[in-house]
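Trainee: 3D model of this:
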Amino acid sequence: MKELLFRHKQVLLFIIAGGLSAIVEIGSFKMLSVYLPKLFSWEYNLSGIKYPFSNILSTSCGIITNYFLSIWFVFERGKHSKRKEFAYFISVSVVSTFISLFLFQILYHFVFKSVIDLGFYVVSQEMMSKITSIVIVSLLNYSVKKKVIFNG
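Mentor: Got it, this is the predicted structure:
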């Protein structure tokens, strides 16, 4: 078991960094999706898009958190300069943000139609959509960041 963990250390660290980034992203989304619609009525529904600004801001918070956790704990520096590495990371993350936003809309409108009542907490369709889109995009991000950005 110890050998298996050691061989997959990078994957485990990526999962931990991703989990912490997801906590930042989900927490900021929860906060923003509650308060921004009170300030901007269009935030709840902008031409059929639910919570666009909350999604973009919370995803940005998650991206920045993930970048720093990735360079500190997960990946070794690649052949790129810090500036190029950051530019590539942000570019991949911007594409991932659009994929995440698209997935969120599909999941929100077509997949998660009701809430899940856990007894002590009710998981809304917004949160289920956000969490699911994060998981799906994270799988894509790991492979691209490892192979392209950090030359793993």
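
Trainee: Please give me every residue in contact with the closest residue to residue 33 other than its chain neighbours.
Mentor: The shortest distance from residue 33 to any non-neighbouring residue, by C-beta to C-beta, 6 or more residues apart in numbering, is to residue 54 (4.4 Å). The C-beta positions use only the backbone N, C-alpha and C, and glycine is treated the same way. Residue 54 makes contact with 29, 32-33, 36, 43, according to C-beta atoms under 8 Å, 6 or more residues apart in numbering.

Trainee: How many residues are close by residue 71?
Mentor: Neighbours of residue 71 under the rule other C-beta atoms under 10 Å: 18.

Trainee: ok but it is inside a helix, no?
Mentor: Yes. Counting by DSSP: H, G, I helix; E, B strand; the rest coil, residue 71 is part of a helix.

Trainee: which two of the contacts of residue 54 lie the greatest distance from each other?
Mentor: Pairwise distances across the contacts of residue 54 peak at 11.9 Å for 29 and 43 (criterion: C-beta to C-beta).

Trainee: Spit out the residues that contact these two alike.
Mentor: Each of 51, 54 lies in contact with both residue 29 and residue 43 under the rule C-beta under 8 Å, 6+ apart.

Trainee: Spatially nearest residue to the one residue sitting closest to the centre of the chain, not counting backbone neighbours?
Mentor: Nearest to the geometric centre of the chain sits residue 134, at 4.3 Å (C-alpha atoms, centre = their mean). What sits nearest to residue 134 in space, not counting adjacent residues and going by C-beta to C-beta, 6+ apart, is residue 22, at 5.2 Å.

Trainee: distance of the one you found from residue 10?
Mentor: Residue 22 is 18 Å from residue 10, where distance means C-beta to C-beta, to the nearest Å.

Trainee: again with residue 25
Mentor: Separation of residue 25 from residue 10 (C-beta to C-beta): 21 Å.

Trainee: who's more crowded, those two?
Mentor: More crowded of residue 25 and residue 10, by other C-beta under 10 Å: residue 25, with 25 against 16.
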